[in-house]
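Undergrad: got a structure for you, letters missing:
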C-alpha cells in the first residue's frame, strides 16, 4: 500500500464497514446494505466481468485510456477457481476516494448469489462479453502452448504437471473437460442475472466488438455512467490497438474453434450447455454450428 493510502482517515462508518462480515450467503444486513449502496452511488466505476479469452485485457486498456481511469484489482487474489470481490478495495475507493481516477475492474467472475449480493450492495453495473466458447478455448490453447507456466496463478483450474509435454489432442481434451464446464456455468449465471435485472447488466457480443470497437466502448461507458465522445472512443481504440499483443489480444478471429476441436469435442460442450435451459436462446452464439 502506498504512503498516501496509509494516510487516509476513514469516518467511523467506513472503518466499521471494512471489518463487517456479510451474512453467510453474502447478503449485507439492512442498515449496512443501505450504507454501502449510498457509497456506491457517490462515484462511477467500470466493472468488466468478462470470461477469460474474450478480449477483456484489451478492452479494459481501451476503457482506461478513454476515461483516464485506474485499473484496480478488486479481488483478494486472482488464483483459484473463481474470483470474488474484495470489500476493503471498494471501501477505499468509495469512502477513501482513492484513487482519484475512476475505478476500472477486470474480473473473471460468475454471477453466483454471493457475487450478486455484493453487486447490488454497491449498486454496481457489470458488463459481460458473449463469445463462442470453442473460440475462447482455442485462444486458451494457443496461450498455454506458447507459455504453459505463466498463467498458473490465474487460470480457472489447475494445470496438470507435464501439461506442456502432452500431445495436442490430450491438451485440447483437458481444456474441454475442465474449462468447458466453467464457461457453461459462467454464461448460465450471467444470462439468468441479466434476465432478472436487464438495467444492471450490460451484455456485449464479441462479433459487434470486432465489427465496431468504438461503438462497443461507447455502450459500456454509457452503461457505467462515464460517457465520452465518439472521437475519444476511436482514439482510445487506436492507441491500444498498436500495442494489442501486450494486452493478450490474440487473433480475434471468429470460427477458430470449429477447426481446432473435433465434432465429438463440440458435442461434449453442447451437452454441458444442455444442463442449463436458460442458455438455449444463446446457443448459436456460444456454440456456433459447424
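TA: It's in. Only a predicted model underlies this, so the values are computations on that prediction, with no experimental measurement involved.
Undergrad: going forward, measure contacts and count neighbours with C-alpha atoms only.
TA: OK.
Undergrad: And residue 116, how close does it get to residue 45?
TA: For residue 116, the distance to residue 45 equals 16 Å [C-alpha to C-alpha, to the nearest Å].
Undergrad: Name the next helix or strand downstream of the helix or strand containing residue 142, please.
TA: Residue 142 belongs to helix 133-146 when assigned by DSSP states H and E. Following helix 133-146 in sequence order, the next helix or strand is helix 168-178 (DSSP H and E).
Undergrad: So what touches the next helix or strand after that following helix?
TA: Next helix or strand after helix 168-178 toward the C-terminus (DSSP H and E): helix 180-196. The set of residues external to helix 180-196 that reach it, using C-alpha atoms under 8 Å, 6 or more residues apart in numbering, is 51, 109-112, 128, 133, 137, 156, 200-203, 269, 272-273, 276, 278-279.
Undergrad: Report the buried members of those.
TA: 51, 109-112, 128, 133, 137, 156, 200-203, 269, 272-273, 278-279 (16 or more other C-alpha atoms under 10 Å).
Undergrad: From these, which land in helices?
TA: 133, 137, 269, 272-273 (DSSP state H).
Undergrad: State the pLDDT value of residue 9.
TA: On pLDDT, residue 9 comes in at 65.
Undergrad: Same check on residue 217?
TA: 93.
Undergrad: Surely it is within a helix?
TA: Yes. Assessed by DSSP: H, G, I helix; E, B strand; the rest coil, residue 217 belongs to a helix.
Undergrad: Just want the phi and psi numbers for residue 102.
TA: phi -70, psi 130 (degrees, to the nearest 10).
Undergrad: what about it, neighbour count?
TA: Applying other C-alpha atoms under 10 Å, we find 21 residues neighbouring residue 102.
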